[in-house]
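>>> got a predicted model here, sequence first, then my questions.
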Amino acid sequence: MTVEPSQLIPYEARAFLDDKLVAVSSAALQIELPDGTPALCFPQADLREKLPEQLELFVAAPSGYVALSPKHARVRQVIVDGAPGPDQTLKRFPVWGDAAHLIDMLNVRPAEDGGFVGVTRDNSANRHRGVVEGSQMLAQSIVAAGRRAPGRRVIKASMLFMRAANTHEPLRVQLEELSGGRNFTCFAAHVRQAGKLCASGVLMLDATAPDVMRHSAAAPDTKGPYESTPFDMSVTGRDIRFVDNAYTGDPDAPVGPPLIDAWLRYRDVPADPYLHAGLLAQFTGHVSIAAAMRAHAGIGQAQAHRSLSTAINAISISFHADVRADEWMLYRHCSTFAGDGMTHSECRVHNQAGALLASFSVEAMVRRMATDRPADARTAL
């Protein structure tokens, strides 16, 4: 098996067997197994323990390397993400990808028909669901609108999500200009996959103007990012931390108010204001359902797509300032209603200095999953 430079992991990797650290390497490789599952390969010189010889623990590796099966119950492998210190976190392998992959997906390209197309990243062969998040489609539409009206700031974006999209076919964003005046530009946005409409919405961009007056809601009095609990959402180069460990997914977690504060920051983001705004928007669909569930005993995010059918139906976001996604952003998710199989959340995003960056609302579905429903007939987040 030949080693390609592209297989080198740009992070330190660690392997555990029965919670015992058995390998640490800054020269580990990532290979793809025949079923498409990624596996980590460690140089034999970087093994810290003599490994047992049970064949089911291992998968094929290049000469001079050893690879533990990523699916074996005794094996846990992690990527060390970030420089040593308070910014360093661990991500369970296999990861979805890096923040650079997410940015590449949001950075939609012009298409021949005048619309825009996004690159795909299909990780459905491993532990990740092969479904596109609605907030990704919203974020891609925000970037597309910025490409069509450069120099103007997106101030409003609303989108309905009608059909689940998969991760192995490209998404196409079509913009229809509704108005293009001296101050404001408005678009209708339609996101399609394989010719089928998945999402539709409207976006408004503004040339902006000097203040006539100014005020904004104050940032909540809550713990800072380094006093909060890091959470692994399977993307290296992105740091997510939840105040008071409020996001667990566990139906048996202690009941609390229907509110979750989350800190978010990306390590490296190009100097493109539309990508920064898109990255803020991409996270708007991640936590609001969990905030609603937090107030109810015996209900948790871990039940989603198993015993509960959950989906984001609509997101509406207003941007109040320029966004820096490579600086800490505080998302306050407050669920104001749950009932009739639906939830509603009213949310805000502040920067670490307390300035209000954005306000958004989320409509979401939470319903009992029919026991006779096919396993693959699930609505996406």
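Arrived safely, thanks for sending. Residues are numbered from 1 along each chain as shown.
>>> use CA for all of it now, contacts and neighbours both
OK.
>>> can you map out the helices along this structure?
99-106, 134-148, 273-282, 288-293 (DSSP state H).
>>> among those helices, which is nearest residue 365?
In this view, the helices of the chain are compared for proximity to residue 365 by C-alpha to C-alpha, and helix 288-293 is the closest at 8.3 Å.
>>> please name every helix or strand in contact with the closest one.
If contacts are counted by 3 or more C-alpha pairs under 8 Å, 6 or more residues apart in numbering; DSSP states H and E, helix 288-293 sits against strand 259-266, strand 329-339, strand 342-351, strand 356-368.
>>> sorry, back to before: export the helices of the chain to JSON lines and tack on distance to residue 231?
Converted to JSON lines, the helices of the chain look like this (distance: least, C-alpha to C-alpha, whole Å):
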{"stretch": "helix 99-106", "distance to residue 231": "15"}
{"stretch": "helix 134-148", "distance to residue 231": "19"}
{"stretch": "helix 273-282", "distance to residue 231": "17"}
{"stretch": "helix 288-293", "distance to residue 231": "14"}
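>>> quick one: closest of these to residue 36.
When the helices of the chain are compared by C-alpha to C-alpha, helix 99-106 sits nearest residue 36, at 18.2 Å.
>>> OK, contacts around residue 368?
With contacts taken as C-alpha atoms under 8 Å, 6 or more residues apart in numbering, residue 368 has the following neighbours: 307-309.
>>> please repeat the previous calculation with a cut-off of 6 Å.
Applying C-alpha atoms under 6 Å, 6 or more residues apart in numbering to residue 368 gives the contacts 308-309.
>>> what bridges to it?
Note on residue 368: beta-bridge partners by DSSP bridges are residue 308.
>>> could you check how far it is from residue 26?
Residue 368 sits 45 Å away from residue 26 when distances are taken as C-alpha to C-alpha, to the nearest Å.
>>> pLDDT score assigned to the residue most central in space within the chain?
When the chain is reduced to its mean C-alpha position, the closest residue under C-alpha atoms, centre = their mean turns out to be residue 283, at 5.8 Å. Residue 283 is assigned 98 on the pLDDT scale.
>>> residue 381 too?
Model confidence at residue 381, given as pLDDT, is 31.
>>> just to revisit the earlier point, okay if I get the helices of the chain as JSON lines plus mean neighbour count?
Below are those laid out as JSON lines (neighbours: other C-alpha atoms under 10 Å):
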{"stretch": "helix 99-106", "mean neighbour count": "20"}
{"stretch": "helix 134-148", "mean neighbour count": "27"}
{"stretch": "helix 273-282", "mean neighbour count": "24"}
{"stretch": "helix 288-293", "mean neighbour count": "27"}
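>>> identify the residues contacting stretch 65-74?
Counting by C-alpha under 6 Å, 6+ apart, the neighbours of stretch 65-74 from elsewhere in the structure are 17-18, 40-44, 57-59, 61.
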